[in-house]
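K.L.:
I'd like to go over a predicted model; first the sequence, then the structure.
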Amino acid sequence: MKVLEAWEKAQAGVLWLIDPDQLPLEKYKAAAEAYLEAGGRWALIGGSFLVRGSLPEWCAEARRQVPLSLILFPGSPLHLSPDVEAILFLFLASGRNPYYLIGAHIEAVPFLQRWKGEVIPTTYILIGQTIRTVHYITHTMPIPSDKPELVQATALAGWYLGQKVVYIDAGSGAPIPPSPEIVEAVRAAVPIPLLVGGGVRRPETAHRLLQAGATFVVIGTATEKAFFSKRAWEEYFSLCSV
């Protein structure tokens, strides 16, 4: 089953976001096995700014170690790797930088044509009141987090353009996650899978976002600061059932 098809049928849950800069390959096997044993099925892989090694090489070795389904969350065409199950083809709809609206996509096309894997058109919406790494790298401003109507309109525009997934992101390590009000507004407007991440540090927060209508809550920095064991992941999965 294709990833998008599975996401469209999936029960609400959590997704692990792996930053290869923060997870050395020698620690990946134990971390991935704990996530799988707790109930995880997919993990997003990527970051806005990678400084250690090669992401394609990281993905190839990770795939060899553990049969966890990796979904590429690329920050640039340089991050594309064939050793993933699918690629989020990100349309940075919250910004007005033409490179992230169409330029990067054209650069990615030769790789995608050769690869012939699953490409998932994704409306990517950055929100928040503070500037994070992703805003600096993309030269874009986030939508203010107290404007759910703007986030809703942006998500709806992406859906009208044929996008298959919406990803609302407050940015890695954000002080405040997306609000349930934003999630409710977007869920009321679009029927497609909805990913929500950035600043989610506790299972209770993830649970509220899932109750508001998220398909998946994305957990990233929290796993870096408190390396997740099977037991920690089980707490997330148990509290995130809605």
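P.N.:
Arrived safely, thanks for sending. A quick note: this is a predicted structure, and the numbers were derived from the prediction, not measured.
K.L.:
ranges for the helices of the chain?
P.N.:
Ranges of helices in the chain, per DSSP state H, are 3-9, 25-38, 55-65, 98, 104-115, 133-138, 148-160, 180-189, 203-212, 221-225, 230-239.
K.L.:
per-stretch mean pLDDT over those helices, give me the minimum one.
P.N.:
Lowest mean pLDDT within the helices of the chain: helix 221-225, at a mean of 73.
K.L.:
Just the buried residues of stretch 17-33, please?
P.N.:
Across stretch 17-33, burial judged by 16 or more other CB atoms under 10 Å covers 17, 18, 19, 20, 22, 23, 28, 31, 32, 33. C-beta coordinates here come from the backbone N, C-alpha and C atoms, glycine included.
K.L.:
now stretch 76-86
P.N.:
The neighbour-count check on stretch 76-86 (16+ other CB under 10 Å) flags 76, 77, 79, 80, 81, 83, 84, 85, 86 as buried.
K.L.:
Could you dump the helices of the chain into CSV and include distance to residue 48?
P.N.:
Formatted as CSV, the helices of the chain follow (distance: least, CB to CB, whole Å):
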stretch, distance to residue 48
helix 3-9, 22
helix 25-38, 20
helix 55-65, 12
helix 98, 18
helix 104-115, 13
helix 133-138, 4
helix 148-160, 19
helix 180-189, 21
helix 203-212, 22
helix 221-225, 12
helix 230-239, 24
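K.L.:
can you tell which of these is closest to residue 173?
P.N.:
The closest of the helices of the chain to residue 173 is helix 221-225. By CB to CB, the value is 4.6 Å.
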